[in-house]
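sequence-free structure coming up:
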(Lines give C-alpha, C1' and ligand atoms only; values in the text may rest on other atoms or scores of the structure.)
Protein backbone atom coordinates (compact mmCIF):
# COMPACT_ATOMS: atom_id res chain seq x y z
CA UNK A 1 0.00 0.00 0.00
CA UNK A 2 1.50 3.30 -1.07
CA UNK A 3 2.05 6.13 1.36
CA UNK A 4 -0.29 8.41 -0.58
CA UNK A 5 -3.22 5.99 -0.36
CA UNK A 6 -2.59 5.36 3.35
CA UNK A 7 -2.59 9.12 3.99
CA UNK A 8 -5.78 9.48 1.97
CA UNK A 9 -7.50 6.83 4.06
CA UNK A 10 -6.30 8.42 7.31
CA UNK A 11 -7.60 11.81 6.20
CA UNK A 12 -10.92 10.18 5.32
CA UNK A 13 -11.18 8.69 8.81
CA UNK A 14 -10.22 12.02 10.38
CA UNK A 15 -12.86 13.80 8.30
CA UNK A 16 -15.61 11.37 9.36
CA UNK A 17 -14.54 11.67 13.00
CA UNK A 18 -14.61 15.47 12.77
CA UNK A 19 -18.06 15.44 11.17
CA UNK A 20 -19.38 13.20 13.95
CA UNK A 21 -18.95 16.18 16.29
CA UNK A 22 -21.98 17.72 14.59
CA UNK A 23 -24.47 14.84 14.72
CA UNK A 24 -25.36 11.48 13.23
CA UNK A 25 -23.51 10.52 10.05
CA UNK A 26 -25.27 9.14 6.99
CA UNK A 27 -23.56 5.82 7.69
CA UNK A 28 -21.22 4.62 10.49
CA UNK A 29 -17.47 4.77 9.94
CA UNK A 30 -16.73 2.36 12.83
CA UNK A 31 -17.99 -1.23 13.02
CA UNK A 32 -17.48 -3.51 16.00
CA UNK A 33 -18.16 -7.04 14.76
CA UNK A 34 -18.22 -10.20 16.88
CA UNK A 35 -17.37 -12.84 14.31
CA UNK A 36 -18.01 -15.76 16.70
CA UNK A 37 -18.97 -16.53 20.29
CA UNK A 38 -16.76 -19.62 20.33
CA UNK A 39 -14.06 -19.27 23.00
CA UNK A 40 -11.61 -21.62 24.74
CA UNK A 41 -11.22 -19.38 27.82
CA UNK A 42 -13.16 -19.92 31.03
CA UNK A 43 -13.06 -16.36 32.35
CA UNK A 44 -14.47 -15.35 35.71
CA UNK A 45 -15.40 -11.96 34.27
CA UNK A 46 -17.32 -13.14 31.19
CA UNK A 47 -19.76 -15.90 30.23
CA UNK A 48 -19.24 -15.85 26.46
CA UNK A 49 -17.45 -19.20 26.74
CA UNK A 50 -20.69 -20.77 27.99
CA UNK A 51 -22.51 -19.92 24.74
CA UNK A 52 -22.93 -22.74 22.25
CA UNK A 53 -23.29 -20.68 19.06
CA UNK A 54 -25.31 -21.96 16.11
CA UNK A 55 -26.13 -20.41 12.75
CA UNK A 56 -23.54 -17.65 12.99
CA UNK A 57 -23.01 -15.46 9.94
CA UNK A 58 -21.19 -17.39 7.22
CA UNK A 59 -18.46 -16.02 4.99
CA UNK A 60 -20.86 -15.53 2.07
CA UNK A 61 -23.12 -13.46 4.33
CA UNK A 62 -20.19 -11.38 5.60
CA UNK A 63 -19.12 -10.71 2.01
CA UNK A 64 -22.67 -9.65 1.12
CA UNK A 65 -22.81 -7.35 4.14
CA UNK A 66 -19.41 -5.81 3.33
CA UNK A 67 -20.35 -5.26 -0.32
CA UNK A 68 -23.57 -3.45 0.62
CA UNK A 69 -22.03 -1.30 3.38
CA UNK A 70 -18.84 0.20 1.98
CA UNK A 71 -18.37 3.17 4.27
CA UNK A 72 -16.43 1.54 7.10
CA UNK A 73 -13.07 3.10 7.83
CA UNK A 74 -12.47 1.28 11.10
CA UNK A 75 -13.32 -2.38 11.75
CA UNK A 76 -13.00 -3.79 15.27
CA UNK A 77 -13.23 -7.57 15.10
CA UNK A 78 -13.92 -9.39 18.33
CA UNK A 79 -15.38 -12.63 19.70
CA UNK A 80 -15.21 -15.05 21.49
CA UNK A 81 -11.82 -15.81 20.05
CA UNK A 82 -11.66 -14.38 16.50
CA UNK A 83 -8.93 -16.78 15.39
CA UNK A 84 -11.29 -19.73 15.94
CA UNK A 85 -12.86 -18.61 12.68
CA UNK A 86 -10.87 -20.54 10.08
CA UNK A 87 -11.97 -17.91 7.54
CA UNK A 88 -10.87 -14.89 9.61
CA UNK A 89 -8.47 -13.72 6.87
CA UNK A 90 -11.25 -13.92 4.28
CA UNK A 91 -13.57 -11.96 6.59
CA UNK A 92 -11.01 -9.16 6.86
CA UNK A 93 -10.38 -9.31 3.12
CA UNK A 94 -14.11 -8.93 2.44
CA UNK A 95 -14.14 -5.56 4.18
CA UNK A 96 -10.81 -4.52 2.68
CA UNK A 97 -11.93 -5.31 -0.87
CA UNK A 98 -15.28 -3.57 -0.37
CA UNK A 99 -14.16 -0.31 1.22
CA UNK A 100 -12.07 2.28 -0.54
CA UNK A 101 -11.58 4.05 2.78
CA UNK A 102 -10.78 1.32 5.33
CA UNK A 103 -7.80 2.46 7.41
CA UNK A 104 -7.57 0.33 10.56
CA UNK A 105 -8.54 -3.18 11.70
CA UNK A 106 -8.25 -4.12 15.39
CA UNK A 107 -8.53 -7.59 16.93
CA UNK A 108 -7.89 -9.30 20.30
CA UNK A 109 -6.61 -12.81 20.96
CA UNK A 110 -6.53 -15.00 24.07
CA UNK A 111 -3.38 -16.74 22.72
CA UNK A 112 -4.93 -20.21 23.03
CA UNK A 113 -5.00 -20.98 19.29
CA UNK A 114 -1.97 -22.44 17.53
CA UNK A 115 0.57 -19.62 17.50
CA UNK A 116 2.07 -20.33 14.11
CA UNK A 117 -1.43 -20.35 12.63
CA UNK A 118 -2.28 -17.00 14.23
CA UNK A 119 0.99 -15.39 13.14
CA UNK A 120 0.47 -16.72 9.63
CA UNK A 121 -3.04 -15.28 9.43
CA UNK A 122 -1.92 -11.91 10.83
CA UNK A 123 0.84 -11.86 8.19
CA UNK A 124 -1.74 -12.47 5.45
CA UNK A 125 -3.80 -9.55 6.76
CA UNK A 126 -0.77 -7.29 6.87
CA UNK A 127 0.15 -8.20 3.32
CA UNK A 128 -3.25 -7.03 2.07
CA UNK A 129 -1.94 -3.51 2.55
CA UNK A 130 -4.31 -2.35 5.30
CA UNK A 131 -2.59 0.77 6.69
CA UNK A 132 -2.99 -0.22 10.36
CA UNK A 133 -3.69 -3.57 11.99
CA UNK A 134 -3.80 -3.62 15.79
CA UNK A 135 -3.61 -6.90 17.73
CA UNK A 136 -4.31 -7.02 21.48
CA UNK A 137 -2.93 -9.96 23.46
CA UNK A 138 -5.31 -10.38 26.41
CA UNK A 139 -3.44 -10.60 29.72
CA UNK A 140 -5.19 -10.06 33.07
CA UNK A 141 -2.41 -10.71 35.57
CA UNK A 142 0.91 -12.33 36.36
CA UNK A 143 1.28 -16.07 35.79
CA UNK A 144 -0.83 -17.51 38.64
CA UNK A 145 -3.36 -14.67 38.59
CA UNK A 146 -3.96 -14.64 34.84
CA UNK A 147 -4.39 -18.40 34.67
CA UNK A 148 -6.85 -18.18 37.58
CA UNK A 149 -8.92 -15.33 36.12
CA UNK A 150 -8.96 -16.88 32.66
CA UNK A 151 -9.54 -20.41 33.94
CA UNK A 152 -6.83 -21.99 31.77
CA UNK A 153 -3.57 -23.37 33.15
CA UNK A 154 -0.53 -22.20 31.20
CA UNK A 155 -2.38 -19.30 29.55
CA UNK A 156 0.09 -16.67 30.85
CA UNK A 157 3.03 -18.41 29.21
CA UNK A 158 1.11 -18.73 25.96
CA UNK A 159 0.38 -14.97 26.05
CA UNK A 160 4.06 -14.19 26.52
CA UNK A 161 5.04 -16.46 23.66
CA UNK A 162 2.32 -15.04 21.40
CA UNK A 163 3.51 -11.50 22.10
CA UNK A 164 7.10 -12.47 21.31
CA UNK A 165 6.15 -14.05 17.99
CA UNK A 166 3.96 -11.13 16.95
CA UNK A 167 6.74 -8.75 17.98
CA UNK A 168 9.08 -10.55 15.58
CA UNK A 169 6.46 -10.16 12.85
CA UNK A 170 6.18 -6.46 13.67
CA UNK A 171 9.85 -5.98 12.76
CA UNK A 172 8.98 -6.77 9.14
CA UNK A 173 5.65 -4.92 8.95
CA UNK A 174 5.37 -1.27 9.90
CA UNK A 175 1.58 -1.43 9.78
CA UNK A 176 1.31 -3.75 12.83
CA UNK A 177 0.39 -2.22 16.22
CA UNK A 178 0.69 -4.57 19.20
CA UNK A 179 -0.26 -4.29 22.90
CA UNK A 180 -1.19 -6.36 25.91
CA UNK A 181 -4.81 -5.89 26.97
CA UNK A 182 -5.43 -5.87 30.75
CA UNK A 183 -9.06 -6.06 31.93
CA UNK A 184 -9.29 -4.79 35.50
CA UNK A 185 -11.89 -6.18 37.92
CA UNK A 186 -12.20 -7.16 41.55
CA UNK A 187 -10.28 -10.33 40.67
CA UNK A 188 -7.03 -8.52 39.81
CA UNK A 189 -7.37 -5.16 41.55
CA UNK A 190 -4.06 -3.88 42.88
CA UNK A 191 -2.01 -6.24 40.71
CA UNK A 192 -1.41 -4.14 37.58
CA UNK A 193 2.12 -2.96 38.36
CA UNK A 194 3.14 -6.42 39.59
CA UNK A 195 1.77 -7.86 36.34
CA UNK A 196 3.84 -5.39 34.34
CA UNK A 197 6.99 -6.24 36.31
CA UNK A 198 6.45 -9.99 35.85
CA UNK A 199 5.93 -9.53 32.11
CA UNK A 200 9.10 -7.42 31.95
CA UNK A 201 11.07 -10.32 33.41
CA UNK A 202 9.95 -12.36 30.41
CA UNK A 203 10.17 -9.56 27.83
CA UNK A 204 12.82 -7.09 29.07
CA UNK A 205 12.16 -4.41 26.42
CA UNK A 206 8.49 -4.00 27.37
CA UNK A 207 7.32 -0.58 28.62
CA UNK A 208 4.13 0.78 30.18
CA UNK A 209 3.12 1.95 26.71
CA UNK A 210 2.72 -1.69 25.70
CA UNK A 211 -0.25 -2.17 28.04
CA UNK A 212 -3.84 -1.22 27.27
CA UNK A 213 -6.22 -1.16 30.26
CA UNK A 214 -9.96 -1.76 30.27
CA UNK A 215 -12.40 -2.05 33.15
CA UNK A 216 -14.49 -5.19 33.33
CA UNK A 217 -17.93 -4.32 31.95
CA UNK A 218 -21.41 -5.80 32.24
CA UNK A 219 -23.49 -6.66 29.18
CA UNK A 220 -26.41 -9.11 29.09
CA UNK A 221 -26.39 -9.30 25.29
CA UNK A 222 -22.63 -9.65 24.79
CA UNK A 223 -20.68 -10.87 27.83
CA UNK A 224 -23.83 -12.52 29.30
CA UNK A 225 -22.40 -11.60 32.71
CA UNK A 226 -25.22 -9.64 34.36
CA UNK A 227 -25.12 -11.94 37.39
CA UNK A 228 -21.40 -11.35 38.06
CA UNK A 229 -20.11 -8.65 40.39
CA UNK A 230 -16.91 -7.30 38.80
CA UNK A 231 -16.63 -4.03 40.71
CA UNK A 232 -13.31 -3.22 42.37
CA UNK A 233 -12.93 -0.53 45.02
CA UNK A 234 -13.42 2.54 42.84
CA UNK A 235 -11.06 4.97 44.58
CA UNK A 236 -8.31 2.37 44.81
CA UNK A 237 -8.70 1.25 41.19
CA UNK A 238 -8.80 4.83 39.90
CA UNK A 239 -5.56 5.61 41.74
CA UNK A 240 -3.97 2.41 40.41
CA UNK A 241 -4.83 3.33 36.82
CA UNK A 242 -3.66 6.92 37.27
CA UNK A 243 -0.32 5.79 38.68
CA UNK A 244 0.21 3.31 35.85
CA UNK A 245 -0.69 5.87 33.18
CA UNK A 246 1.77 8.36 34.71
CA UNK A 247 4.58 5.95 33.83
CA UNK A 248 3.72 5.98 30.12
CA UNK A 249 5.70 8.08 27.64
CA UNK A 250 4.04 10.20 24.98
CA UNK A 251 4.05 8.60 21.52
CA UNK A 252 2.95 10.26 18.28
CA UNK A 253 0.34 8.71 16.01
CA UNK A 254 -3.44 8.42 15.93
CA UNK A 255 -3.83 5.23 17.97
CA UNK A 256 -1.34 6.11 20.78
CA UNK A 257 -2.79 9.62 21.21
CA UNK A 258 -6.40 8.41 21.42
CA UNK A 259 -5.30 5.59 23.71
CA UNK A 260 -3.64 8.10 26.04
CA UNK A 261 -6.82 10.17 26.29
CA UNK A 262 -8.90 7.04 26.83
CA UNK A 263 -6.74 5.93 29.77
CA UNK A 264 -6.84 9.33 31.45
CA UNK A 265 -10.63 9.37 31.15
CA UNK A 266 -10.78 5.75 32.38
CA UNK A 267 -9.46 6.75 35.80
CA UNK A 268 -12.13 9.45 35.97
CA UNK A 269 -14.84 6.98 34.97
CA UNK A 270 -13.76 4.41 37.58
CA UNK A 271 -13.65 6.99 40.36
CA UNK A 272 -16.99 8.70 39.62
CA UNK A 273 -19.01 5.88 37.94
CA UNK A 274 -20.04 8.54 35.40
CA UNK A 275 -19.41 8.44 31.67
CA UNK A 276 -16.69 10.99 30.78
CA UNK A 277 -18.44 12.11 27.60
CA UNK A 278 -21.49 11.39 25.45
CA UNK A 279 -21.18 8.26 23.34
CA UNK A 280 -21.28 8.22 19.56
CA UNK A 281 -23.29 5.01 19.35
CA UNK A 282 -25.48 5.14 16.24
CA UNK A 283 -23.92 8.47 15.33
CA UNK A 284 -20.56 7.11 14.22
CA UNK A 285 -20.61 3.43 15.16
CA UNK A 286 -22.59 0.28 15.95
CA UNK A 287 -22.14 -3.29 17.15
CA UNK A 288 -22.92 -6.33 14.97
CA UNK A 289 -23.05 -9.73 16.64
CA UNK A 290 -22.31 -13.06 14.98
CA UNK A 291 -26.01 -13.72 14.35
CA UNK A 292 -26.52 -10.49 12.41
CA UNK A 293 -28.16 -8.58 15.26
CA UNK A 294 -27.38 -4.85 15.39
CA UNK A 295 -27.00 -2.99 18.69
CA UNK A 296 -25.93 0.58 19.50
CA UNK A 297 -22.87 -0.80 21.28
CA UNK A 298 -21.43 -3.88 22.95
CA UNK A 299 -22.66 -2.65 26.34
CA UNK A 300 -26.18 -1.61 25.33
CA UNK A 301 -28.50 -4.61 25.08
CA UNK A 302 -31.09 -2.90 22.89
CA UNK A 303 -31.46 -4.63 19.56
CA UNK A 304 -32.37 -2.28 16.71
CA UNK A 305 -32.47 -4.77 13.84
CA UNK A 306 -30.95 -7.76 12.07
CA UNK A 307 -29.07 -7.58 8.78
CA UNK A 308 -30.50 -10.91 7.62
CA UNK A 309 -33.93 -9.28 7.64
CA UNK A 310 -32.85 -6.32 5.50
CA UNK A 311 -30.89 -8.11 2.82
CA UNK A 312 -27.61 -7.37 4.66
CA UNK A 313 -27.99 -3.60 4.23
CA UNK A 314 -27.63 -1.28 7.21
CA UNK A 315 -29.49 1.64 5.63
CA UNK A 316 -32.94 0.68 6.84
CA UNK A 317 -31.69 -0.23 10.33
CA UNK A 318 -29.56 2.92 10.68
CA UNK A 319 -32.62 5.11 10.12
CA UNK A 320 -35.41 3.07 11.74
CA UNK A 321 -37.52 4.18 14.70
CA UNK A 322 -35.49 2.15 17.20
CA UNK A 323 -32.29 3.84 16.08
CA UNK A 324 -33.90 7.27 16.35
CA UNK A 325 -35.15 6.48 19.86
CA UNK A 326 -31.64 5.42 20.90
CA UNK A 327 -30.21 8.69 19.58
CA UNK A 328 -32.83 10.60 21.54
CA UNK A 329 -31.90 8.75 24.72
CA UNK A 330 -28.21 9.56 24.17
CA UNK A 331 -28.92 13.23 23.50
CA UNK A 332 -30.94 13.41 26.72
CA UNK A 333 -28.09 11.86 28.70
CA UNK A 334 -30.01 8.67 29.59
CA UNK A 335 -27.73 6.13 27.93
CA UNK A 336 -26.26 3.21 29.95
CA UNK A 337 -23.02 4.24 31.63
CA UNK A 338 -19.87 2.57 30.26
CA UNK A 339 -16.35 3.43 29.14
CA UNK A 340 -14.65 0.77 27.07
CA UNK A 341 -12.28 1.21 24.15
CA UNK A 342 -14.73 -0.41 21.71
CA UNK A 343 -16.99 2.61 22.10
CA UNK A 344 -14.84 5.26 23.76
CA UNK A 345 -12.40 5.89 20.92
CA UNK A 346 -15.04 7.24 18.55
CA UNK A 347 -16.57 9.18 21.45
CA UNK A 348 -13.22 10.87 22.05
CA UNK A 349 -12.74 12.02 18.47
CA UNK A 350 -16.43 12.94 18.22
CA UNK A 351 -16.46 15.11 21.36
CA UNK A 352 -13.67 17.62 20.95
CA UNK A 353 -15.08 19.81 23.72
CA UNK A 354 -15.05 16.82 26.06
CA UNK A 355 -11.33 16.38 25.47
CA UNK A 356 -10.49 20.01 26.05
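Great, that's in hand. Fair warning: this is a prediction, and the values are worked out from it, not measured in the lab. Numbering: from 1, shown residues only.

contacts, neighbours, all on C-alpha from now
OK.

do a quick rundown of the strands in the stretch 101-250 of the chain.
Applying DSSP state E, counting those that start in this stretch to the stretch 101-250 of the chain gives strands spanning 104-109, 132-138, 176-184, 211-215.

can you list contacts of the last one?
The contact list for strand 211-215, computed with C-alpha atoms under 8 Å, 6 or more residues apart in numbering, reads 179-185, 259, 263, 266, 270, 339-341.

again, but for the second one
With contact meaning C-alpha under 8 Å, 6+ apart, strand 132-138 is reached by 103-111, 125-126, 159, 162-163, 175-183.

for it, buried residues please.
132-138 (16 or more other C-alpha atoms under 10 Å).

got CSV for those residues, with distance to residue 26 and pLDDT too?
Shown next, in CSV, are the buried residues of strand 132-138 (distance: C-alpha to C-alpha, whole Å; pLDDT from 0 to 100):
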residue, distance to residue 26, pLDDT
132, 24, 95
133, 26, 96
134, 26, 95
135, 29, 98
136, 30, 97
137, 34, 98
138, 34, 98
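
follow-up on the earlier one: please pick the buried ones from the contacts of strand 132-138.
Taking 16+ other C-alpha under 10 Å as the criterion, what is buried in these is 103-111, 125-126, 159, 162-163, 175-183.

and stretch 212-229, how far from the chain's centre?
Chain-centre distance of stretch 212-229: 14 Å, with C-alpha atoms, centre = their mean, to the nearest Å.

can you tell me the distance between the two ends of that stretch?
Taking C-alpha to C-alpha, to the nearest Å as the measure, stretch 212-229 stretches 22 Å from start to finish.

pLDDT weak spots in the stretch 201-350 of the chain?
Within the stretch 201-350 of the chain, no stretch has pLDDT under 70.

which parts of it are helices?
Secondary structure of the stretch 201-350 of the chain (DSSP state H, counting those that start in this stretch): helices located at 234-246, 254-272, 315-318, 321-331, 341-349.

residue 52 is nearest to which of these?
The closest of those to residue 52 is helix 341-349. By C-alpha to C-alpha, the value is 23.8 Å.

quick one: that closest one to chain centroid distance?
Worked out by C-alpha atoms, centre = their mean, helix 341-349 lies 10 Å from the chain centre.

between that helix and strand 211-215, how many degrees?
Taking axes from the mean of the first three to the mean of the last three C-alpha atoms, to 10 degrees, helix 341-349 and strand 211-215 form an angle of 100 degrees between their directions.

picking up where we left off before, just the helices of the stretch 201-350 of the chain: most buried one?
Compared across the helices of the stretch 201-350 of the chain, helix 341-349 shows the largest average neighbour count, a mean of 23 (mean count of other C-alpha atoms under 10 Å).

what is that one packed up against?
Packing partners of helix 341-349 (3 or more C-alpha pairs under 8 Å, 6 or more residues apart in numbering; DSSP states H and E): helix 3-19, helix 254-272.

same list, the ones you listed, but as CSV with distance to residue 69 please.
Supplementary listing: the helices and strands packed on helix 341-349 in CSV, determined by distance: least, C-alpha to C-alpha, whole Å:
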stretch, distance to residue 69
helix 3-19, 15
helix 254-272, 24
